[in-house]
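Student: Here's a sequence, model it:
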Amino acid sequence: MTEFGITGYGAYVPRLRIDRGIIAEAHKWMAPGLKGQAKGSRSFTSWDEDAITMAVEAARDALTGGSVDGIKAIYLASTTLPYADLQNASIVAGAISAPTGIASSDIGNSQRAGTSGLLQALKAGEAALFIGSDAPVGKPASVQEISYGAGAAAFTLGSEGVIAKLVGKASVTDSFVDHFRATGQKYEYAWEERWVRDEGYAKLAPAAIKAALADAGIGIDGVAYFAMPSQLRAVADAVAKQVKFAGTVVSGLENGVGYAGSAHALLQLALALETAKPGEKILVVGFGQGADALIFEVTDAITGLAKRRGVSGSVADAVATDSYLRFLSFGDGIDVEWGMRGERSGKTQLTEQYRSAFQIEAFVAGECAACNTIQFPQFQFCVKCQAPRKQFRQVTLADKPAQVLTSTADWLSYYPAPPLYCGFVQFDNGARLLMEMVDIGPKGIERGDKLRMVYRIKERDRARGYNRYFWKTTPIAAA
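Tutor: Coordinates of the predicted model:
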């Protein structure tokens, strides 16, 4: 029987970080107890990031050294997808140039959407791309605001070059309510921590673990890594101790990330794969209205996997913010008066968006067959020699090396994260475009700085609830 499993992995954590001490300081007038939990930093999304943009970045990382052509299905798991009735996974598919014949699905409504969805995708046995991407939001002055974070992890699944195969699995379903967020509500309601810990995690997780170990035909001593996310402190260590696990408990990524909702177990799995050796087994547990337990065995193929950013690379690439109000604004936690300059309508012409999708979605430029000029956007005729567009060769710019040619910091135009950095970007293949530059650190940006392309929200139509996505540039390394 052909072996099927994980063939690659990738991750993305937003560059923006805020020290938890800054959050606690903002609320000390009414919630001084938050200071005791104000250790380390957490990630948060910029105004132009969401579950879709993070999913695209994680998918690009997972596809390092590979191709999307053979993938038959794409799955996107999240509890914070921007659309309730417009398939989010289809937007991701377009951004990564997935073939139009691909199947796509959104998965949500539970903190274990990531593990449950991955398990179902593995059971399907079809070449696929599975992504978990989440950015849960905590109410200001809540424990969740301090402890939550954002991130995404992606896995390619197939039968060639399998780096980790599923050797044991089990699920327990129980309508245990640890927290809930009603449809249409922004913030969740959480139940008492001790109850959740003692009656939820301590009973449901061990039951799933025991069943998965039996399915794999091994004891707990055969597992090298244990990964289980939790919104509550020290729960993973407590469950590991309860099941007599003596190996490595995978970092909960409390510092630098924070709890990333349904994507968190997948981030931990990706983190474990960064250091796991052939033959070692990884136990991943997802909790939420029951529990999932998945046991993976790492294969020899992992030693030949192409290098990628992964979780460690994303966590290390950070830009710190010293403003709680900026953090709050980016998450729509405060309604700022931007004045008349912010009144422009952001209505998207859906017909033109569809007609131009072939070049907008995956950032595809045209290379003139007559004079080799690379141009974006693609007009009906070459901008240099007037050759017709039908002669253009299609060239994606999303992964092409580039650098800053010119830049400016604009404080006059309306922009949700002032100043607006923009300028001409020079691609190594000869293309030259005027582009937006994001996640610029306190040192600014200079001519010659190396850039990479990132998929972001170009503009929000707040009146209609629609986001227009496009590509922007960001420095290769945080400054």
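Student: quick check, distance from stretch 315-327 to the centre of its chain.
Tutor: Centroid displacement of stretch 315-327 relative to its chain, using Cα atoms, centre = their mean, to the nearest Å, is 17 Å.
Student: where's the closest residue to residue 328 other than its chain neighbours, which helix or strand?
Tutor: Excluding the flanking residues, the one nearest residue 328 by Cβ to Cβ, 6 or more residues apart in numbering is residue 334, at 4.6 Å. All C-beta atoms are positioned from the backbone trio N, CA, C, and that covers glycine. In this assignment (DSSP states H and E), residue 334 forms part of neither any helix nor any strand.
Student: What's the local residue count around residue 334?
Tutor: 13 (other Cβ atoms under 10 Å).
Student: residues in contact with the closest residue in space to residue 126 that isn't next to it in sequence?
Tutor: Spatial nearest neighbour of residue 126, excluding adjacent residues (Cβ to Cβ, 6+ apart): residue 72 at 4.9 Å. By Cβ atoms under 8 Å, 6 or more residues apart in numbering, residue 72 lies in contact with 102, 103, 126, 127, 128.
Student: Inside strands: which ones of these?
Tutor: In strands, judged by DSSP state E, the following of these are found: 103, 128.
Student: now the contacts of residue 72 in TSV, with distance to residue 306, pLDDT and neighbour count?
Tutor: Putting these into TSV (distance: Cβ to Cβ, whole Å; pLDDT from 0 to 100; neighbours: other Cβ atoms under 10 Å) gives the following:
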residue	distance to residue 306	pLDDT	neighbour count
102	22	96	19
103	26	98	14
126	23	96	15
127	18	97	18
128	19	98	21
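Student: Nearest to residue 428 among the contacts of residue 72?
Tutor: residue 102 (29.9 Å; Cβ to Cβ).
Student: Help me confirm that the closest one comes into contact with residue 69.
Tutor: No. Residue 102 lies out of contact with residue 69 (Cβ atoms under 8 Å); the separation is 9.9 Å.
Student: Quick one: classify residue 10 as helix, strand or coil.
Tutor: Look at residue 10: counting by DSSP: H, G, I helix; E, B strand; the rest coil, its state is strand.
Student: Distance of it relative to residue 153?
Tutor: 7 Å (Cβ to Cβ, to the nearest Å).
Student: what lines up beside the longest strand along the chain in the sheet?
Tutor: Counting residues, the longest strand found in the chain (DSSP E) is strand 450-461. Paired with strand 450-461 in the same sheet, following DSSP bridges, are strand 402-404 (antiparallel), strand 466-475 (antiparallel).
Student: In JSON lines: those strands, plus mean pLDDT and mean neighbour count.
Tutor: Compiled in JSON lines, these are given as follows (pLDDT from 0 to 100; neighbours: other Cβ atoms under 10 Å):
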{"stretch": "strand 402-404", "mean pLDDT": "98", "mean neighbour count": "20"}
{"stretch": "strand 466-475", "mean pLDDT": "97", "mean neighbour count": "21"}
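Student: among those strands, which is nearest residue 90?
Tutor: Using Cβ to Cβ, the nearest of these to residue 90 is strand 466-475, at 11.7 Å.
Student: Centre of the chain to that closest one, how far?
Tutor: How far strand 466-475 lies from its chain's middle: 15 Å, per Cα atoms, centre = their mean.
Student: Return it as PDB; C-alpha atoms alone will do.
Tutor: Provided in PDB are the C-alpha atoms of strand 466-475 (Å, rounded to 0.1, in the frame of the first residue of the first chain):
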ATOM      1  CA  TYR A 466     -15.700  43.300   1.600                       C
ATOM      2  CA  ASN A 467     -11.900  43.200   1.400                       C
ATOM      3  CA  ARG A 468      -9.900  43.700  -1.700                       C
ATOM      4  CA  TYR A 469      -6.700  41.700  -1.600                       C
ATOM      5  CA  PHE A 470      -3.400  42.300  -3.400                       C
ATOM      6  CA  TRP A 471       0.400  42.000  -3.000                       C
ATOM      7  CA  LYS A 472       2.600  44.400  -1.100                       C
ATOM      8  CA  THR A 473       6.300  44.400  -0.200                       C
ATOM      9  CA  THR A 474       8.100  44.100   3.100                       C
ATOM     10  CA  PRO A 475      11.800  44.100   4.100                       C
END
